[in-house]
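>>> Pasting a predicted model and its sequence here:
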Amino acid sequence: MNLKAAFSVFSLVAILTILTATTADCDRTIYLGVCQELVSSARSYEARATFHNNVAKAFQIQIESLSKLPKNQGTISAMDSLFSQYDQNRMLEGKFRSLFRQASDDADRCMKSAE
């Protein structure tokens, strides 16, 4: 075998090795990217749930302070409005906590599959 043919065979083997290694690494990188997106979604859901929890606590404080005032039509309607907003924020907190648990479980499964 002459030098040019040996170099061609060596180059071809080297190129094929690099291409197959890159494809496998690329697939794993893409898969890990998807896992990272799931983790980011879970963190986002957790942050939003915490936000709605804090807002609900603020409404609770407002309701408590408003309940100390004399009862009239204005305070009663204001308390009804605050209770409605409190309930909405608690509902949203529960929904986001549920989504957080689901996204966390999906991310855990994704990471275990990537290993």
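That came in fine, so what should we check first?
>>> Now do the buried residues in stretch 91-99.
92-93, 96-97, 99 (16 or more other C-beta atoms under 10 Å). In short, each C-beta sits where N, CA and C put it, glycine included.
>>> Narrow these to those in helices?
92-93, 96-97, 99 (DSSP state H).
>>> Include distance to residue 40 and pLDDT when you put the residues you listed into TSV, please.
Rendered in TSV, the data for these read as follows (distance: C-beta to C-beta, whole Å; pLDDT from 0 to 100):
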residue	distance to residue 40	pLDDT
92	20	96
93	20	96
96	14	95
97	17	96
99	13	93
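>>> can you put those residues in TSV and add distance to residue 33?
Formatted as TSV, the entries for these read as follows, by distance: C-beta to C-beta, whole Å:
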residue	distance to residue 33
92	29
93	29
96	24
97	26
99	20
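>>> okay, now the closest residue to residue 55 other than its chain neighbours: neighbour count?
If the residues on either side of it in the chain are set aside, residue 55 comes closest to residue 89, at 4.8 Å by C-beta to C-beta, 6 or more residues apart in numbering. The number of residues packed around residue 89, counting by other C-beta atoms under 10 Å, is 20.
>>> And for residue 43?
The number of residues packed around residue 43, counting by other C-beta under 10 Å, is 14.
>>> helix or strand for it, which one?
With the criterion set as DSSP states H and E, the secondary-structure element containing residue 43 is helix 3-67.
>>> So for that helix, mean pLDDT?
Averaging the model's pLDDT scores along helix 3-67 yields 78.
>>> was I right about the residue nearest to residue 55 contacting residue 56?
Yes. Taking contact to mean C-beta atoms under 8 Å, the distance of 4.0 Å between residue 89 and residue 56 places them in contact.
>>> closest to residue 34 among the ones in helices among the buried residues of stretch 91-99?
residue 99 (17.2 Å; C-beta to C-beta).
>>> residues contacting the nearest residue to the closest one once chain neighbours are set aside?
The shortest distance from residue 99 to any non-neighbouring residue, by C-beta to C-beta, 6+ apart, is to residue 45 (4.4 Å). Each residue near residue 45 by C-beta atoms under 8 Å, 6 or more residues apart in numbering is listed here: 96-97, 99-100, 103.
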